[in-house]
Structure formats: structure tokens, C-alpha cells
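[1] structure here, sequence nowhere to be found:
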């Protein structure tokens, strides 16, 4: 992570450079921090929340409808065909999984790297991770011809005397994704416990007292509690860190293991992981910027956070661009006719517009992040992030479709086009994602109260993350 | 501020955490047992038949050979169900007015076939062939059980894939001399443990790699 | 919704065994139906007993075209799922996964026979020798019967017109038997009546006619070769001396008849002996895939062309044609010419050979002249071993010249012989139907019996047959379907399908054979013989009585085994042919006058250099329209255009450029005021100044499958121009029409004209490897990347590039070798595969979505100049790779390698990730994107092959070398205590192949032909650089060019 502003790694207390805003606006005491954050949850629900939630709920219904029709009729309602056997479903799967990366990265890796600026965004990012993984996890099942038999992918003792076929990357996927989901969930929940306790204590009505009380598992904030808590939290962080790399590596194997030109490439694992983080941070920003405005949390999620995340995006974005370059180089250098045609077809073939758009979104526009004005200014930053979100979806589309639609035998070439159900399912999952997100920000503290307290001047918090 | 939960909650919480593990394990066990239960496999279940035909009577007491009724067992995939005429061969003479046999007689006179319930029913995507099993020394009783002790026919084995594979993976355990195939009572001689292996060789039974190829049974 | 949805129609289950008892009842409750029929005379118009019975099956099926997915959903409106059901699903869908864990088998019944027929062993199929009749001529077949259900047609190896091969029509005929659209009861003016009722109405009228010598009686049939039928007609015409027997076979080679009469003085048939022919010139003829002798000709031709290192000899074929034909694609030199120039070419060649004088009015192009010279030289160099074959649809003059040239070249009696016509009482069909129309219009016709055929649809447009037809007092139509003619008839008598009744027919060489039933008629139907019995007052005579009686009389005459005629009849029945019935050669000389006249007619013609000639040709798949209701044939890609479910106006690139039209543009074709709108299909290799429109489409009473598909060419076809009409008008309408093609459709869809890109890639990737015979003689390994050993999987050395030890195939190692040198692209293998493996049809919409299901496809590639390309056909089944990319990506092990090297596909294990298909470089896997197999129409289940699982939706499927056949052979031989040897097993495709292009065998046993081929240096593997080590390999395609033509031509083009 050397590309991250290394000044951020200096021990505190050094005179801060003027351009480096603090991670917490001055003038806060533990009390006020707690008041401010918990008020978001405990105060009366703002009207705009109902509107937003209602909208995203409707979009989620679109998902339910599409999926119902899918189960009724079969994957034939989608655009998939011979030779393009994988379509939107897999594209969306990879895209969502990618988005689900920022959370764990921020929480785990930055925690281990003692990046205290992560504190105000990690909770939120983790939640986002969970919801993204939830969306992603559905697609591999939905895209099956016989989804009701998906459990055959799990190695369980059965009456057929059969095991899954462990050489298949799809089996590796099953393990990678389910592990990732489990660990992320635990990590998120453990982090929540102290705050749940806070809310329990501040909750006015009985229902929320019981609700928060149940989930805070009798947390009393005793020293031993804090001790175990931090140990567990660190352990989970250590556990989660390799997963950030492993998950998308395995996902990239789904393609790299195949012999299809445009899939069969050694660059895929690093290239996919970088892409995932790139996209993940873009999504975090896409969501934080408006929310921070909505709830007036500028003091907690400061320009510095935006800056740092923008820098991470810039760094990983450049890795991704390198990936694009190396793919082209590979095909040229390989002297492999099929590879060369694949690249040529990708850039000049019927899907060339997708490719150009992808380059614009992922390679050109993000170069704006070199300018601090863009990094520190929410509006343009948000726009750049939207470009990246779209771009990364297009990247997966280009990889999946343009590689498949013209492979080895010209007689079997074909074209692919998403149907309304492809779109319905895709947009529907966005609805699902937002629905979960709005529920989260309404009923749980979207910023870690405990850790923010620790950042307030005078608390031992300044030390919480600094080496003794 | 009053406590939200009773103090017993602590205990409940602790127990439930550990209990959860066992509960999950239990559910898994129940599931796998259910899959193999007779309710699902139909094992040992007597199905309603138009005529309460007793194999015990015809095989054990009268000593009729299997092939008298199941004529195509040696030459076809389907062992063959006796046409009504076969029943009438004898029942023209004996039990000519037994009420039990009324369906048989009416079938014979009206030329409308009897409709038996299939007892050993494999899924439609499984292609079992009697002739080859008989030819390679798999006894009737090996799969159908002691039919000569069944007053009413029932399914003797689970007929699940793992059951088939058990033999296909190691035929030596079950194979018998060809001349004993239709002998209900045959038991592997205790004094000759190597018999199975020898027969596998003599009868050129294909190696497990072939017997467990998917297309051996699925097409 | 569980595995057991994969259903096979197992032998002794209820429905199938019902039929097993030889049709004592059918799945449709006939009793109930007849109740209804007795109750009221039935609805005004109806299509099948189901409709009357009002079974939900039928209602379902009514709005859901057959094949099911033809109406697969575009908008939810036309779909079965109601709002309520939808909501229920919405509720259930989430918990769906859990519900399917434990599934109980439904109770299944075993229904044994009451008295079991001797020959029937349940679970073992029976084979019966019979005859497939197409265009009046017979092809010997062996029909497979599973407990009484005919399921498959194979060729009869002993029959001269088959030699074990079949064509697409024979293969598809078994589906017609079970076609739910077949007419199922006698209809009188839309009401269901009984045979008795018909007899009561018809016989008095006939009695009256008998008194008048039957002057008001007319019988219209197609080409008839059936000796029994002919004999019946003879007696009838004796009883009714003034009655007339008219003939109209829309796709018969009428001018062949005329040419023979004119030049040979009699309607002699020509029989070619291609085994003797070293040099063959085809004047537009598609003799390898069209005409009654095509199967035999294919075999003979292929025998002279299967080049091996050990046998590097090869005949030479020249083709001069307008529309590219399958035959033309095998030509060593092919010259596309407009029809008039083909005639000119024939004349020039005749002149060069000295059989005729005069020159074509329009001078030949230098290139054509060069070819004339070369061909003449080549032909003369092989007297008695050469052959000129004129298209049966070519103008009479061309055919006369062809006759003369063959005579001059001394080929008569060697490569071509004349026989007395096989058609019974041959007539000029055109004149025959013209006379009928004249009589009809003159009101002379009291009763017209249309036996088979569909003249209302097929008669020449200018005859106004439909109008004239209705002037007959009594109109009786006898046919398989309620077709256009039936609609205008008072009486429609359902025809019994050849698999349901007795009859006989003669093959192209005169060999007679019997048609015998495998099943009781599914519906109330009559055979033509029974219908004719009406005239002879044999109202109740069954077809068997009539046919049997005839042969009892005539078997001796036919010189069959002496002594007991009954025994001889049984033997003929068993062998599938009646010995000694082949026609002996007769001698005939070409009369010079006719030749001179022919020459004059060609040189006299003044072709307008701008005029565009429109050719009419029978469709390669639906023929003259009679098969339009057969979904297998509708979905069978046209071998040349790869079009399915439609015909189109086929034009060459040059003409398309000049008219500025593109594929799928709709143009208006007009001839003397007659107009049709047709979509354009640009076909590389189609001659300039000409266009082709196939017959058989645009029908309006062919049932849901055939109705309104394509355009009706008959609307343009007039008596004076049955096969070609010059000076047509083509006008762009500005509309476009979606044509479904199974290959290169993406090139249209992608908008940009990328044909060049594709072709460049084809050339570079060399899926079809080619060479010439001389080069092959110089270097036998010329088709391989680097000289040296032939690159069979065993000798590439590629297998060393692995860390794993190679698997030893100790027992069998199944493999396939396909000789591209003799593949005509006739597509018999495709339909054979479809019939054998229960492959569903998916309908045009799904084909447009690139979801065709054929396990075996025939790739067609063009090489070189679009105006005159080389065309290559390449059948592509599953390659059964030894290093199969599909296998290691399947997460549930649904596709795994068998111990005999087959790439097994386990339908019931497949969850449908489609990863295997993505990873298959040959794209031979097919996926059930929707529920394609039709489970709804009970009668269709009877057709299914019980040895093959019927796949459910969401499951991947593919070719497995007909593993069900392999297993049967293995089990039968094992039980008999031996091993599988050549002759024990064949895949469906190999068995059907007329040219022996596809052969199958055991790579571990050198006795198999396939193993021999794999040892040949011409053998290569498709995409072998991927080291998939396919078990299916190909023999490269060689040309045998004329040395004189190797140099650049005046236009610098290859000839």
C-alpha cells in the first residue's frame, strides 16, 4: 500500500501539514461523538429515508419478479446461447464480488497497518461488503440450468456415492465465496458489539432495548470485555486479510482455467484483485459522499478520508490499466492466432464500443484523481467514482462476452444481447443492495462509536491504534 | 435502569452457542437418514397388486424356476413379466374358480392385460440390463433378495446409486458361479474366500474403471 | 422439478405398452371421441381427435406451436403461467432449493401382454424390412420397432437403391407417423363421417358411371411405381374404359421424360453406373442428393473418390451450374453460369465432341470456352469411362445433347444404360394435368379422386386448378394431411402412413419391394389400394389382401424363388426386395433429328444479356411442400444456405451488388403480372443473372408447423416455365425479414459486413484441410503443418507434453473418421442423429437466438472468390477428446471420461453451469435453455427412442457416439461370449451416410475401417494444436484438377 499517502503513517503528534485535514474535526468529546452518531439511529426517522427506502424496495421487487419468471421458464429467458454460455449473471457476480472487497480491505488490512483514518468508514464499508457479497452470491445459483440442484456443488455425503469434481474452479468458488461471506459477517458483527451495547443503553423504548440488548450479548464494557474484544477483532482481521486476495483470485480462476482465448491468462489473479479493490473503493465513495452530506457527518468522514480513498483508487486503477496493456502485449507476443484475433476482435469487432467505453471509464477519467482539487472535492470525486463503477461492470462484460462470442471455430461464432430479464435481474440486485443498506443506516450505527471515541483528544484512543 | 434481561439469559446464551453445534450436526444426520429411509427408497414396502401373487408359494413350495415366468431375463434388459396366458397354463387346471384369481381369468377372457405395480422401479435415466448381469454370475437373490421367502413381493434393496456402485466397484464380493444364479439359497462358500476374484477373472468381468463409467448405466 | 423429470419412454410402461398391444388402443381415448362423434356431427372445422376430445394437452398445444418453443415467450401474454400461478411461484421460488432433496418415485405400472407374440422380447427392438416411398419411387429400409412402436428408419443394405444408406426424407418419415397434425378421421364438408357413409355416397355414383363407361370419372395421382396399384388401375380402366388416370408429380423431372421420348423414341429411364466413370460432367445436376437413384449414385461416386495413400486414384468431376448444388461442391472444377449459358455450354461442348453443330447465340466467356476445350479433351480421353449428367430439371434441349454426348463417347451400356420406364404407364405429367383442367372446366368431370398429392397447392399457377377443381361434382381427397386440396374437397379420406399399411413400390432401377406395416393404424385411415378397392367393388378388401393377392399371382413372373408363392412372398418380405424385378437394359439410339433440333433451339435462342432467370427447385428439406409439416425437416439447415424454417430468393453476390440488395432485404419478384414478396439470401457461388426460389413453402393449410413459412414459389410457376423463367422483375420493397440461418448468422447481426474477417480466419485456422491429388502424390503429408508422420493423436508427440502418465485403453477405444473428400453435405446424418437421440426441435425464434439443438452439425465453409468459391462441408459431432476441456471444468462431474475414451454426458447429474460448453473449442455441446422436449403431446412420446434419456430443461446434452448402441452391442456380444467386431455397431450418422464419409469403429482393432483411415496420412484432427487429442478425426479434402486448367484463365481466375 506504499501508494497511500505515507504521511498518514507518521506517528501522531508531529506538526500536521496544513493540507492534511484531521480524521476527526476538533472540538469533540467522547460524549458528543456518541450523541451525534447514535442520534442518527435513535432519533425519529427522517422523511427522506422513507422515500429512499421505498424506492429501493420497489427495485428489489423487480428482482423478485425476474427471478420468479426465471424459475418458471429457465435461463432461456436470458440472452445466453451457443456459443455465449455465460452472460449478465456471471458479469454481475464478478462485479458485486469486486465491490465486496473494499470493506474487508479497509477493516482488516488498514487496521493491521494502523491506519486510524479507516475508523470512521470501516463499519459502513463492511456492511456494504456483506450486502454486495449477498447480491453476488445469488448469481452463481440463479444462472444454473437447474438451480434447485445447486447443493450438489457442496461436498456432502450422499446416496449417489459421488463427490463434486474438485478440479473445477466453480467448486473453488463455492468455498472461497462462502468463507469470505462468513468471515466478513463475523468481523462486522464483532465490531458492532460495543456500539450495540451503547444503543441498548440509550434506547428509549423496550422493543429496541431488547433488540439491541439481544445482539450486544451482554456487553458491559469491562476491561476484560475490551481485552477479549480487541484480541478477537485483531484475530479476525488477520483471518480476513488473506481472503481479500484469495477470493477474487479464485474468481479469476473461473476464467483463467478455461482454454478460451481472452480467459486463459496468467495475469488474471492480480489484475482481478486490483480491479476489485478499485471498484470497491469507488462504491464506498459513491455511497459515503451522499450519506455524509445527508447526516451531516462531515466532521467524522472528513476530506482526508475522501483523499485517501481516492489515492487507493488511483493506485489500483493504474494496476488495472497495466492489466489491459499486458493482455494486449501477451496476445501479440504469444504468436497465438486465436489470442491475437481475440484482442483484435475485442477492439475492432462488433463489441468495440463496449471496449472503448471501458477504457474511457477505467483508464482515462480516473486520471483526474492526480489532482488534489478533484480528490478533495466531493462532487467531481463522486462523478469519477460513478465512471469507475460503470467501467468495471463493462470490463467484466468485455471479458466474458467478447471472449466467448468468437472463439476457435468460425462456424460457431455468435452474438450476445441481454434481454429485459437480464437487466431486470441486474438492476433488481442493486435494489436489494440499497434496501439492505438503508435498513442498516437506519437501525445500526454506520460509524463505529467506540473507535471514534478513541480518536477524541485526551482519550486513550489516540493510542488504541498507535504502537506502544 | 432496570435490567432488560433476566440473569438466566447468560446461561441460555452460553448453552445455545454450544448447543447450536450439536443441533446442526443432528439436523444433518436426520437429513442423510431420511434420504436412505425406506419411506424414500420404497424398500421393504409391499405395493398393492391386482392379484396377491406369492413368490414364496410358487418358488419355494412349487419349485418353479424364475425363467418360467421371467422369460427374457437371459436375453434382454427387461426380465419379462409373464403374459396372462402363462398364468393360465396352470390355472386352467388348478384353482380354476378361486376368487383370488378372478382378475387373471377375466384378463384372459376379455384380452385386457393385468396391470401390476412395478416393485423394482429404477429412475427413468438408469438403464439396467438383466441379461448381462445374469451372464456374469450375478444371482437373482443378490438384488431381489430371498424372493422364495416373500409371500408378497417387496423391494429388497435400496436401489440407490451407492448401492449399485458398491458392487460395480468390487464385483468379487457378490458374484457367484453361473450355474448358481437362479439358486435362491446360494451362499459364498466359507472355505473358498478367493472364489469371487476367480470368477471375476473367468467371466471376464470388466474392471471397475469400466463398470463405474457413467455411460455404463446412464445414457 | 427433480431428476426424474428426465423421462424415457421405457418399454413396458402404460402408454407405450398400450401401443405395444399393436394399437388396441392409443393414448388418446378413442372411445370417448367416438362417443362425441356419434353424439353430434362435430364442429365445423377441426384438426385432430384431441381437439374433439378437448384434452388439455391439445388445448395447451393449440396455442403453443409444435415444436413447443416456437411460441416461447416474447411477451408474457401468450404464456401458460397465469397471474395467480406467477404469484404462487413468487412465493415458492425462494424456498425452492430445499424442496427437492428427497423425491419418491411415482407408482409405475407394468402391463404385460395377455398372449405374448412369439417374436417379441420386451426390451429388445425388432427390425422389419420395408420400403420408403418418395416421389413415387421406393427406397429399401429397415424400420426399428420397440414393443410395437416404430422409432427409427435405417437403410436396407440389400436394396439397390439404398445399400444401407438413407436420405433426410426417409429418416424424417417416422416422425410423420406420429405427427399430431395428421388427419385422423374421414371428413365430409368439415364433418366427421364413417367409411361406410362415404361408400354409400360414392358407390351409387360409380355404378351410374359404370353404365356410361366411366366417362365422368377421373383419378389424379402423383408418380406411381407400385405394381399393385398399377394393376388395380388396369382393372379399373378396363371396367371404366372412358375414365382417365391423370398424373401430377410437381417435382418430377418432366423434361427428362420429354427428352427421352424425343431423342430415344421412348420414355426410357437412364441408370448411371458411377463406379465405371472416371470423368464426369454435371450440367447443373445434383445427382448425388436428388432423384430416386441418388443414394446409390452417392455410394458409387464416393467409392471412386475415397483417396488413400495406398489407393491414390480419384475420379474427376466437372460441374457447370447456376444454383450451387451439393454435387457441385465436390466438383474439381466448378463453373457457375446462368441457365441460358449452361445451355450454351452444353451446345459448345456437343459441338466440340462433334455430336451437334451450331454455336450458342450468346458467345461464351473465355473462361467457359477454355473449360469446354478441356472437358471435351478429358471426356474423349476416357471413352466408355466418362459420363455427362444433365440436370433432370434442365431444358429438354440440354438433356437431348447430354444423351447424344454420352452415346458419342461410347458410354451407353457402360456408364449409362437405358431401361424401360419404372413409372407405371408413364405420361407427360404437365400435359396430363392440363387435360384434366380442360375437362374440369368443360364440366365433364363427375367424380375426381385425388390420391396423394396436393394439386391445389402444387399445380402450375396459370392453370387455375383451384377454381377448376371445384367444378367436379364429387371431389374426394386421399392424403396424410388436411392440406389445401382437402379444404376444397367434399370428402377427405385419411391416408394410412407407410408404416401402418401394406403396399409396394419400385426403385429407380425397377427393383420392386414391399411396404409392410409395423403398427396398427393410429387413426381411422385407408391405404390407396383400399380406396381403389371401391371401384372394383372390393370395399372391404384390406391392403394386405390386395397386395398379397397381386404378388401371389406375379411372384413367379418376377422369377422369385420357385415353388411355393407364399414362401416366396415371405422371403421377399424378409429380404425387403423381390429378386429379379430390376429392369434389364434396353438398347436405344439417339435420333439425330432431335439433336439437331435441340442444337437449333439453343443457338436460336436470343438471351437478353440483362434478363434475370428465376430457377424453381424442390427444397432440399421440405421437397415440394409435402414435408412442410415435419419439424425435423423444417429445422434441418438447407445444405447450401443453412436456412431453416423459411425459403428465400437465393441470388449470387454479383447480382446482389447490382440490385443493391442485402441478405434479409425483401424484394418483390414479378413475372407477367404474378408477384410474390421474398426475402433475399445472398449465396456465394450462385451464378449471376439468375436467382433460385425453392418450392414447398408459403403453405396455408399445412398445420401449425408448416403454415405461412417462407414464400410460395408455385404462385410464380407456370406451365410454360416449370423450372426456369427468364426476364423476371425484382423490386426492392424496403422491408426486411428475419431469416434464421444456423451458420454465420452473427455476421448479419453484428451489422457490419464482416464476412471478409471471418473468411480470413477460416483460411488461417484451416478447419478443413485441402490439397490436390498431384501434390498429394508428391507429398502424402501435405495437409500437415510439418512434413513427417501424419498427425494422428497417437503420433503428434503431443501426449508427451503432460505430467500425467497416459491412460491405457485396454479394451475398446471408440473413434470416428470422417472423409471430407466424399461428404456431400446431404445432412442425412443430422436427421438420423435427431431421430436416434430424441433431439428436440426448438423453432425459428430459438434458432435465431442461436440455440439450435442438433448434436451433429455440418459446417459449411467457402474458400476464395465469393462469386465462385470452393465450398466445403464438414460434419462436426462431439470430438470425444482424450484431453477434454469440458471435463475438468464441470463442478459436479456430469461429464467425465469413460474407460473406452468416450466423453460421457450424464444428463441427470448436470446442473447446467454451461461452463463445459464455454470451454469446448468445437462448440458441439447443446443446452436446453428452455423446456424443448415436448412432453405434452402423448402421441409424440411414442416416437422417442426408449434407450435414450429425454432431457429436461436446464441440462447440457451432446453426442456420445450413440453410446446406447455401443452398450447394446457390448452386452449382446458379451452374453454371446465374444467381443464387438466390425458390423456389430454403427453410430446413427455413420449408418445413414450415403457416401461412407462417416465411419465409426474401435481404434484398438485394425479391422475397422475407421482405424484404417486414422493410419492414413490424410488423417488430421480439428484444432489439433490445442492438444485435445480428439477421437473424431478427418481425412483432408483433395481436388483432382485437370492439368490443362491449372494455369491462370483469361480472367485470371481458378476454374
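    Now that the structure is in, tell me what you want to look at. Every value quoted in this text rests on a predicted model; they were computed, and no experiment measured them. Residues are numbered from 1 along each chain as shown, chains lettered A, B, ... in the order given.

[2] so who does the residue of the stretch 51-200 of chain A found nearest chain B touch?
    Nearest residue of the stretch 51-200 of chain A to chain B (CB to the nearest CB) works out as residue A:161 at 3.7 Å. All C-beta spots, glycine's among them, are computed from the backbone N, C-alpha and C. Neighbour list for residue A:161: B:161-162, B:165-166 [criterion: CB atoms under 8 Å, 6 or more residues apart in numbering or on different chains].

[3] mind doing that once more with 7 Å?
    Shown in contact with residue A:161 (CB atoms under 7 Å, 6 or more residues apart in numbering or on different chains): B:161-162, B:165.

[4] with pLDDT, neighbour count and distance to residue C:494 added, can I get the residues you listed in a markdown table?
    Formatted as a markdown table, those follow (pLDDT from 0 to 100; neighbours: other CB atoms under 10 Å in any protein chain shown; distance: CB to CB, whole Å):
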| residue | pLDDT | neighbour count | distance to residue C:494 |
| --- | --- | --- | --- |
| B:161 | 91 | 20 | 47 |
| B:162 | 91 | 15 | 52 |
| B:165 | 93 | 17 | 51 |
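
[5] quick check, nearest of the residues you listed to residue C:696?
    residue B:161 (48.7 Å; CB to CB).

[6] if we ignore the residues flanking it in sequence, what's nearest that closest one?
    Of all residues not flanking residue B:161 in the chain, residue A:160 sits nearest, at 4.2 Å (CB to CB, 6 or more residues apart in numbering or on different chains).

[7] residue C:773 and residue A:37, how far apart?
    With the distance defined as CB to CB, to the nearest Å, residue C:773 ends up 87 Å from residue A:37.

[8] which one of those two is surrounded by more residues?
    residue A:37 (25 against 17; other CB atoms under 10 Å in any protein chain shown).

[9] state the pLDDT value of residue 150.
    Defaulting to chain A. Looking at residue A:150, its pLDDT is 90.

[10] that answer is for a different chain, and I need it for chain B
    At residue B:150, pLDDT is 91.

[11] what are the buried residues along stretch C:231-244?
    Within stretch C:231-244, the residues scored as buried using 16 or more other CB atoms under 10 Å in any protein chain shown are C:231-233, C:236-237, C:239-240, C:243-244.

[12] list the contacts of that stretch.
    With contact meaning CB under 7 Å, 6+ apart, stretch C:231-244 is reached by C:209-210, C:213-215, C:217-218, C:245, C:529, C:532, C:535-536, C:550.

[13] rewinding a little: out of everything not next to it in sequence, what's closest to the residue of the stretch 51-200 of chain A closest to chain B?
    In space, and not counting its chain neighbours, residue A:161 is closest to residue B:162: 3.7 Å by CB to CB, 6+ apart.

[14] ditto for residue A:77
    residue A:421 (4.6 Å).

[15] and the one you found, that one's in a helix?
    Yes. Under DSSP: H, G, I helix; E, B strand; the rest coil, residue A:421 sits within a helix.

[16] burial of it, as a residue count?
    If you count neighbours by other CB under 10 Å, residue A:421 ends up with 21.

[17] so it touches residue A:76, yeah?
    No. Taking CB atoms under 7 Å as the definition, residue A:421 is not a contact partner of residue A:76, at 9.8 Å.

[18] secondary structure class of residue B:81, three-state.
    Applying three-state DSSP to residue B:81 yields a three-state assignment of coil.

[19] tell me the pLDDT at it?
    You'll see residue B:81 listed with a pLDDT of 90.

[20] and stretch C:381-398, end to end?
    Stretch C:381-398 has an end-to-end distance of 22 Å (CA to CA, to the nearest Å).

[21] where does the stretch 151-300 of chain C get nearest to chain A, which residue?
    Closest point on the stretch 151-300 of chain C to chain A, by CB to the nearest CB, is residue C:168, at 20.1 Å.

[22] so what's that residue up against?
    Residues near residue C:168 by CB under 7 Å, 6+ apart: C:621, C:633, C:636, C:827-828, C:831.

[23] buried among those? Need that as a selection in PyMOL.
    Buried members of those, defined by 16+ other CB under 10 Å, are picked up in PyMOL with:
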select buried, chain C and resi 621+633+636+827+828+831
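
[24] now stretch B:179-195: how far from the chain's centre is it?
    The chain centroid and the centroid of stretch B:179-195 are separated by 20 Å under CA atoms, centre = their mean, to the nearest Å.

[25] that one vs chain C: in contact?
    No. Stretch B:179-195 lies out of reach of chain C by CB under 7 Å from any CB of the partner chain, never closer than 12.8 Å.

[26] now for residue 178: which residues touch it?
    No chain specified, so I'll use chain A. Applying CB under 7 Å, 6+ apart to residue A:178 gives no contacts.

[27] actually chain C
    So residue C:178 contacts C:939-940, C:942-943 (CB under 7 Å, 6+ apart).
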